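1. model this:
(one chain, ligands or ions: 1)
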Amino acid sequence: MRSILHCDLNGFFASVECLKRPELKNVPMAVCWDPKTRHGVILAKNELAKKYGIYTPETVYSAKKKCPHLVLVSPHHEEYRKYSKLVNQIYLKYTDRVEPFSIDESFLDITESLDLFGSAYHIAYQIKEEVKQTLGLTISVGVSFNKIFAKLGSDMKKPDAITVIDEKHYQEILYPLPIETMLFVGKATASTLRKMRIETIGDLARCDVHRLVKKIGKLGLELYEYANGRDDREVKLFTDKREAKSISRGITFQSDIQDSNILIEKMGVLVEDIAKNLRKQDYKASSVALILKFSDFSVISRQRKIFKTDSYHEILKVAIDLFHENYYAEKPVRKLTLGVGNLENKKDNIQLDLFELQSLKQKDEKQKKMAQAMHVMDQMNEKYGNYKITFGNIIKK
Ligand SMILES: [Mg+2]
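-> Model prediction:
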């Protein structure tokens, strides 16, 4: 059994701003892109602002309605990167398996550190206190036996808190939670799941996995596995340089464009080219980035993690979501850029090939794959036990 932590800095951008200007601690404050225009979205808020019901990402306009005296501060990304590095340096004192998930979140595998430092809870506590004392920042920590549950744990109590989700109690703690709380369940997936009467993580764990896969594809199998506590993804070594590969495409317009529909149409063209390139190189991406350069040369850049994909539709959907969340048609766009990152080679996960087999058309290819399928099938049957997977539904075209 592994011991995995997910450490999440609380209101990271806002907390760093408060370190630099302690007076901000005593007023409701939020970080946003352009405080002067009052457009755009809230990137982070402090605890006092949270009390007014302000959330991220919320428009500045609506946040100001809830709290007219909200103090707005513009972001200092250099500073955030600096603190992010410092926090990871602290994590690295406890294990070399530290994998940053974003600027303010990291996974830690402390399995090998237990003999040295004590129980998983104790290590989580030590790390949390050390971050607070040396940097003045608070974190919330999820402690569990895999990444997916550790991540759910760090979300349950914050700020400055630890949540343990162990083998004995995970069903009791997590199964009542709404399906949206799971990593990789976006709005669209959630609404599909809800239509299937899968409303909680518990419903997901107990659902008919074949029906789920039919409905939402491979992601369904993966989510089902996760909900049942089966997530073997390892925490990478901090020194493992992730493939920095990314693909991006951009268009500079001859005359600036302010019409959202036209911009979305152009996004379709860019994504088509990106997806084609992903497939050609046998890559899947797990993040999507949108960069908008405006007529006044200001730039906004947004990124979102996704479940690994090379699908045109999935990438475009996320790109459009990012666009809607961040563009308020207040400024004409001069250049539009879309990118995908965290590229991984496709053949990572043998069990997923099972579902790719269904689409194989060539006959001789089929023979070869059948042997493979038998092997995969055996693994699946062993894994699921009561879900007998037979040859018929694998090779079905
Ligand atoms: Mg955070």
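
2. what ranges do the strands span in this structure?
-> 4-9, 29-32, 42-45, 71-73, 98-102, 105-109, 139-144, 161-164, 247-257, 283-294, 299-309, 333-341, 344-345 (DSSP state E).

3. need phi/psi at the residue in the stretch 101-250 of the chain that the ion sits nearest to.
-> Distances between the stretch 101-250 of the chain and the ion by CB to the ion are smallest at Asp104, namely 4.1 Å. Where you see a C-beta, it was placed from the backbone N, CA and C, and this is true even at glycine. Backbone torsions for Asp104, taken as degrees, to the nearest 10, come to phi -120, psi 10.

4. circling back: rebuild the strands of the chain as a markdown table, extending it with mean pLDDT.
-> A markdown table is the format used below for the strands of the chain (pLDDT from 0 to 100):
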| stretch | mean pLDDT |
| --- | --- |
| strand 4-9 | 98 |
| strand 29-32 | 92 |
| strand 42-45 | 89 |
| strand 71-73 | 93 |
| strand 98-102 | 92 |
| strand 105-109 | 96 |
| strand 139-144 | 98 |
| strand 161-164 | 97 |
| strand 247-257 | 88 |
| strand 283-294 | 91 |
| strand 299-309 | 88 |
| strand 333-341 | 91 |
| strand 344-345 | 80 |
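
5. out of those, which gets nearest to Leu86?
-> Smallest distance to Leu86 across the strands of the chain (CB to CB): 10.8 Å, for strand 4-9.

6. adding mean neighbour count and distance to Lys151 as columns, could you present the strands of the chain in TSV?
-> What follows is the strands of the chain, written out as TSV (neighbours: other CB atoms under 10 Å; distance: least, CB to CB, whole Å):
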stretch	mean neighbour count	distance to Lys151
strand 4-9	27	5
strand 29-32	27	23
strand 42-45	23	19
strand 71-73	18	28
strand 98-102	19	8
strand 105-109	23	8
strand 139-144	27	6
strand 161-164	20	11
strand 247-257	14	27
strand 283-294	20	14
strand 299-309	17	11
strand 333-341	21	20
strand 344-345	14	19
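
7. just put those strands in CSV and tack on distance to Arg197.
-> Output for the strands of the chain, formatted as CSV (distance: least, CB to CB, whole Å):
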stretch, distance to Arg197
strand 4-9, 29
strand 29-32, 38
strand 42-45, 34
strand 71-73, 43
strand 98-102, 31
strand 105-109, 32
strand 139-144, 27
strand 161-164, 28
strand 247-257, 38
strand 283-294, 29
strand 299-309, 22
strand 333-341, 33
strand 344-345, 33
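
8. so who does Gly142 touch?
-> 5-6, 8, 149-156, 163, 165 (CB atoms under 8 Å, 6 or more residues apart in numbering).

9. near the ion too, which of those residues?
-> Applying CB under 5 Å from the ion to the contacts of Gly142, one finds that Asp8 fall near the ion.

10. contacts only, for Leu322.
-> 288, 290, 302, 304.

11. which regions of the stretch 1-150 of the chain sit below the pLDDT cut-off?
-> 37-39 (pLDDT under 70).

12. let me fix that: the stretch 151-300 of the chain
-> Scanning the stretch 151-300 of the chain for pLDDT under 70 picks out 240-244.

13. how about 80 then?
-> Scanning the stretch 151-300 of the chain for pLDDT under 80 picks out the ranges 239-245, 297.

14. which residue ranges of the stretch 51-200 of the chain form helices?
-> Residue ranges of the helices in the stretch 51-200 of the chain, as given by DSSP state H, counting those that start in this stretch, are 60-66, 77-91, 114-117, 120-135, 147-156, 170-174, 187-195.

15. could I get those in a markdown table, plus columns for mean neighbour count?
-> What follows is the helices of the stretch 51-200 of the chain, written out as a markdown table (neighbours: other CB atoms under 10 Å):
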| stretch | mean neighbour count |
| --- | --- |
| helix 60-66 | 16 |
| helix 77-91 | 16 |
| helix 114-117 | 11 |
| helix 120-135 | 17 |
| helix 147-156 | 24 |
| helix 170-174 | 18 |
| helix 187-195 | 15 |
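
16. ok, so of the contacts of Leu322, who is nearest the ion?
-> Nearest to the ion, judged by CB to the ion, of the contacts of Leu322 is Arg304 at 14.7 Å.

17. distance of the closest one relative to Ile165?
-> Arg304 sits 25 Å away from Ile165, going by CB to CB, to the nearest Å.

18. then Ile110?
-> Counting by CB to CB - Ile110 and Ile165 are separated by 15 Å.

19. and Asn228, by the same measure?
-> 14 Å.

20. what does Ser84 give?
-> In terms of CB to CB, Ser84 sits 25 Å off from Ile165.

21. and for Cys207?
-> Taken as CB to CB, the span from Cys207 to Ile165 is 21 Å.

22. which of those two has more residues huddled nearby?
-> Taking neighbours as other CB atoms under 10 Å, Cys207 and Ile165 compare with Ile165 leading, 25 against 18.

23. is the residue nearest to the spatial centre of the chain in a bridge, and if so with what?
-> The centroid of the chain falls nearest to Lys305 when counting by CA atoms, centre = their mean (4.1 Å). Taking DSSP bridges as the rule, Lys305 bridges to Ser287.

24. please name the nearest non-neighbouring residue to Tyr84.
-> No, residue 84 isn't Tyr; it's Ser. Ile103 (4.9 Å; CB to CB, 6 or more residues apart in numbering).

25. doesn't Lys82 make contact with the one you found?
-> No. In this structure, Ile103 is not within contact of Lys82 by CB atoms under 8 Å, at 10.8 Å.

26. go ahead and confirm Lys317 touches Ala188.
-> Yes. Using CB under 8 Å, Lys317 makes contact with Ala188 at a distance of 6.4 Å.

27. how is this protein divided into domains?
-> Domains of the chain are assigned by automatic domain parsing as 1-163, 175-227, 247-345, 351-395.

28. turn those into JSON lines, columns for distance to Lys236.
-> Formatted as JSON lines, the domains of the chain follow (distance: least, CB to CB, whole Å):
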{"stretch": "domain 1-163", "distance to Lys236": "4"}
{"stretch": "domain 175-227", "distance to Lys236": "16"}
{"stretch": "domain 247-345", "distance to Lys236": "12"}
{"stretch": "domain 351-395", "distance to Lys236": "20"}
